[in-house]
Structures are given as structure tokens and as C-alpha cells.
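K.L.:
Give me a 3D structure for the following:
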Amino acid sequence: MKKILFAVLVLAIIAGLYGYYQYNRKPAGVADQEAIKINAAALVASFMKDEKAAQTRYNNKVLEVVGVVAELGENQDHQTTLLLQSDDPLSSVFCTLENKANTLPKVGDEIVVKGFYAAYTTDVLLTGCILK
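P.N.:
Here you go, the predicted structure:
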């Protein structure tokens, strides 16, 4: 009887430790994910041409976008934001960086950004971005 009680206790401790690990596990970052590689202008153009098809293609995906920095900024959470220009003056790729970068690009620099596709409004929104 004591052996059974001891085995149940050990299993309960293991289950508790596993549950604690899963609860505190961080989500996978973009650096570890496979990405769809695309140019900023082509990405915006795909949404302008057929938004529904583009939503289906990019939803819940990681994108690696090449583009020219049009604007640098900071959001209300003090995260660095980048705006990559496209061929359309009213639409662009808006990226929120995951962490503060040591060196930020300048307006006019061509960069590669990797991030999670979040939404499309008039801009394509990427979150959790890193500079490559």
C-alpha cells in the first residue's frame, strides 16, 4: 500500500512540475520560425489586389520583408516601430520591433525585417519583429 501511495505522490509531483513548466513557457519567437520571404511593395500589392486571398495566405505566418525605411517611431508601449514604404503612397508595412535594437536603421536604408503578420488595415501590420 505504501508503494502505491509513493508512486501516486511521485506522479503528482511530476505532473505539477510539467504543468508549471507549460504555464511559464514563452511563445516561440520569430527567429526560430520559417518565414515567407517577400518585398514590402509586393506584400502591400497582394493585399490591394485581393485582400481575402492575401489574408488566407499570410494569416498566422511569419514574414521576412525587404523594404526601405520610410519612418521610425515609438508606440505607446515605448516599442520601436518602423514603416517600410511601398509603391502606394497611402499604404505601407508597419513593423513593431520585439526588443530595443542596439543600432536602428536610418530613413532611406534598405533593411530586412522578420515578424508575425498581425492584420491589414491600410497598412500591413507585423508584430514581434526583429531586424536581420
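K.L.:
where does the protein have low pLDDT?
P.N.:
Within the chain, the ranges that satisfy pLDDT under 70 run 27-28.
K.L.:
contacting residues around the residue most central in space within it?
P.N.:
The residue lying closest to the centre of the chain (Cα atoms, centre = their mean) is Phe116, at 2.6 Å. Contacts here follow Cβ atoms under 8 Å, 6 or more residues apart in numbering; on that basis Phe116 touches 30, 61-63, 126-129. From N, CA and C alone the C-beta is placed, and that goes for glycine too.
K.L.:
now Leu82: how far from Gln76?
P.N.:
Going from Leu82 to Gln76 by Cβ to Cβ, to the nearest Å gives 16 Å.
K.L.:
ditto for Glu34
P.N.:
31 Å.
K.L.:
Please save the CA atoms from the longest helix along the chain in PDB.
P.N.:
The longest helix of the chain (DSSP state H) is helix 2-24. In PDB, the C-alpha atoms belonging to helix 2-24 read as follows (Å, rounded to 0.1, in the frame of the first residue of the first chain):
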ATOM      1  CA  LYS A   2       2.900   2.400   0.800                       C
ATOM      2  CA  LYS A   3       4.500   1.700  -2.600                       C
ATOM      3  CA  ILE A   4       1.300   2.600  -4.400                       C
ATOM      4  CA  LEU A   5       0.900   5.800  -2.400                       C
ATOM      5  CA  PHE A   6       4.500   6.700  -3.000                       C
ATOM      6  CA  ALA A   7       4.100   6.100  -6.800                       C
ATOM      7  CA  VAL A   8       1.000   8.300  -6.900                       C
ATOM      8  CA  LEU A   9       2.800  11.100  -5.000                       C
ATOM      9  CA  VAL A  10       5.800  11.000  -7.400                       C
ATOM     10  CA  LEU A  11       3.400  11.100 -10.400                       C
ATOM     11  CA  ALA A  12       1.600  14.100  -8.900                       C
ATOM     12  CA  ILE A  13       4.900  15.900  -8.300                       C
ATOM     13  CA  ILE A  14       6.000  15.200 -11.900                       C
ATOM     14  CA  ALA A  15       2.600  16.400 -13.300                       C
ATOM     15  CA  GLY A  16       2.800  19.500 -11.200                       C
ATOM     16  CA  LEU A  17       6.300  20.400 -12.400                       C
ATOM     17  CA  TYR A  18       5.300  19.800 -16.000                       C
ATOM     18  CA  GLY A  19       2.200  22.000 -15.600                       C
ATOM     19  CA  TYR A  20       4.300  24.700 -14.100                       C
ATOM     20  CA  TYR A  21       6.800  24.500 -17.000                       C
ATOM     21  CA  GLN A  22       4.000  24.700 -19.600                       C
ATOM     22  CA  TYR A  23       2.300  27.600 -17.800                       C
ATOM     23  CA  ASN A  24       5.600  29.700 -17.700                       C
END
